[in-house]
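**Student:** Quick one: sequence and predicted model below, then my questions.
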Amino acid sequence: MPSRRIFLLGLTVPPFAFGQQAGAQSAAAAQKTAQSQAAFQATANEVIVPVSVTDEKGRFVSDLDQKDFVLLDEGKPQSISFFTRERSQPVVIGFLVDLSNSNRLHWDKFMEAIQDLVQATMEPEGKPDKRFSGYLIGYSTEAELMVNTTGDPEKILQKIRSVKPGGGAALFDAVHMACTSRTLVKGEPYEPRRVIVIVGDGHDTGSKKNLEEVVEVAQRNLVSIYGISTVAFGFRNAGEPNLKRLAESTGGRVVYPLENVYSDVSGYLSTPSDEGNYALKVGTGGYAAAIMRGIVNAITATVGEITTQYILRYTPTEQDVARKFRRIEVRVNLGNVKVRAREGYYPFAP
């Protein structure tokens, strides 16, 4: 049976080109990969743009039509050739979990949160949903594909329950692995949509890849990245800009479940105590409940965006072979809304 090719952001991408695990290819598979890479064509095709639109309270705006969107390519308006707000499109989700030492403190809570996230996306009605598939990558000193792409959420849940944090953090290698080194679902990267959810604080201490390399590979593979930050209240982490860059460049966002644990506490900062000015004492039920409430809200927001996106497609009116990266902008003719879409695309093969 002849191989089928998928046209993506100006590239002709053989669907088997990204399915091999690094270091595990046979000679025949390596030869096939080399042949597939040679088959890349620098031709202009439709650009595919997943878009999320939320109101001032972060709720998904679900009743927009094609006429409500304005799409710009390098500042020039484009004609949208395809539009859908279908909520039943299939999605493949990569769960990337930070297993470094920095997450030991709240690991038990985030372990529960990751399980909730898997269940809310892959089995929303209490049983596996065939529209969704997922995989699990854990990263500490190195990135590891712990569960390959599957439609069975229990395989991912079992693995999550057994892992423990420890070591460094190879976040960028984990993102690269998610885009290039696992078994693809038929139809990727366009159908189903590709989503990565990073549960971590964004720091990287040992990756072979760098931030801009993995941003590019995510954009080329039409991956939307979301982050659930594990940074605790009152702390800042040098890795936070990494999460924001990965998410905002691909049309996702970062949520901070531990950032506002005192937002509902009356009199915060007016009740000092010997161990610090904590209105909710660490180790008490009130503190644990506040942490979990923040995590639940973050999970809800992330699941909502994963499962409800608009998809726009267009063919650029201008083809500039000298421009490596083209910037796009999506606007909505409504006030008080937040529009999230990828910042641009690579129209030609490197």
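**Tutor:** That came in fine, so what should we check first? Residues are numbered from 1 along each chain as shown.
**Student:** How about the contacts made by residue 95?
**Tutor:** Neighbouring residues of residue 95 by Cβ atoms under 8 Å, 6 or more residues apart in numbering: 114, 117-118, 134-137, 156, 197, 199. Backbone N, C-alpha and C define where each C-beta goes, glycine included.
**Student:** Closest to residue 91 out of those?
**Tutor:** residue 134 (8.7 Å; Cβ to Cβ).
**Student:** and the contacts of residue 95 as a markdown table, adding pLDDT and secondary structure?
**Tutor:** Formatted as a markdown table, those follow (pLDDT from 0 to 100; DSSP: H, G, I helix; E, B strand; the rest coil):
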| residue | pLDDT | secondary structure |
| --- | --- | --- |
| 114 | 86 | helix |
| 117 | 84 | helix |
| 118 | 89 | helix |
| 134 | 94 | strand |
| 135 | 96 | strand |
| 136 | 97 | strand |
| 137 | 97 | strand |
| 156 | 96 | helix |
| 197 | 92 | strand |
| 199 | 91 | strand |
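**Student:** who wins for most neighbours among those?
**Tutor:** residue 117 (27 neighbours; other Cβ atoms under 10 Å).
**Student:** and the host helix or strand of residue 51, which residues are buried?
**Tutor:** Per DSSP states H and E, residue 51 falls inside strand 47-55. Using 16 or more other Cβ atoms under 10 Å as the test for burial, strand 47-55 gives 47-54.
**Student:** and of these, the nearest to residue 165?
**Tutor:** Taking Cβ to Cβ as the measure, residue 165 lies nearest residue 52 of the buried residues of strand 47-55, at 30.3 Å.
**Student:** between the contacts of residue 95, which is nearest residue 73?
**Tutor:** Looking across these and measuring by Cβ to Cβ, the closest to residue 73 is residue 197, at 28.4 Å.
**Student:** Return the residues in contact with the closest one.
**Tutor:** By Cβ under 8 Å, 6+ apart, the neighbours of residue 197 are 93-96, 117, 225-228, 302, 306.
**Student:** Any idea what it is bridged to?
**Tutor:** Beta bridges link residue 197 to residue 95, residue 226, judged by DSSP bridges.
**Student:** low-scoring stretches of the stretch 201-350 of the chain, by residue?
**Tutor:** For the stretch 201-350 of the chain, the stretches with pLDDT under 70 are 232-236, 258-301, 304, 320-323, 348-350.
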